[in-house]
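A.B. asks: sequence first, predicted coordinates after that:
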Amino acid sequence: MQNSYVPLIVGLAEAGRINEAVKLYTQMKKAAIPPSEQIFTAVIDALCKERRADEAFKFLKEMMVGCSNLKSSLIN
């Protein structure tokens, strides 16, 4: 099921529709579907581009704390 969310969230984030991407991400989490590296990278990048650093930092912290399956190279 995660594979269905990846292109949608990434596409929305890359198109500058970050609020929609975050909303879809929230729905994904409520459905207990773990986020991928691509999702975190796209959302954090889009938030930073829109100068929403506080929100981007929250996503980064969530990624570091709750997603042990992600590669450590994303954090370094």
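C.D. replies: Alright, I've got the coordinates.

A.B. asks: ok, and the closest non-adjacent residue to the spatially most central residue of the chain?
C.D. replies: What sits nearest the mean C-alpha location of the chain, by Cα atoms, centre = their mean, is Phe40, with 3.0 Å. Using Cβ to Cβ, 6 or more residues apart in numbering and skipping the chain neighbours, the partner closest in space to Phe40 is Met63 (4.7 Å). Bear in mind the C-beta positions are built from the backbone N, C-alpha and C, glycine included.

A.B. asks: with Asp45 instead?
C.D. replies: Ala13 (7.0 Å).

A.B. asks: same for the helix or strand encompassing that neighbour, what does it pack against?
C.D. replies: Assigned by DSSP states H and E, Ala13 falls within helix 2-14. Secondary-structure packing of helix 2-14 (3 or more Cβ pairs under 8 Å, 6 or more residues apart in numbering; DSSP states H and E): helix 18-30, helix 37-49.

A.B. asks: where does the protein have low pLDDT?
C.D. replies: 1-2, 66-76 (pLDDT under 70).

A.B. asks: hmm, try it at 90
C.D. replies: 1-6, 29, 32-41, 59-76 (pLDDT under 90).

A.B. asks: hmm, back to that, quick one: the helix holding Ala13 to chain centroid distance?
C.D. replies: 9 Å (Cα atoms, centre = their mean, to the nearest Å).
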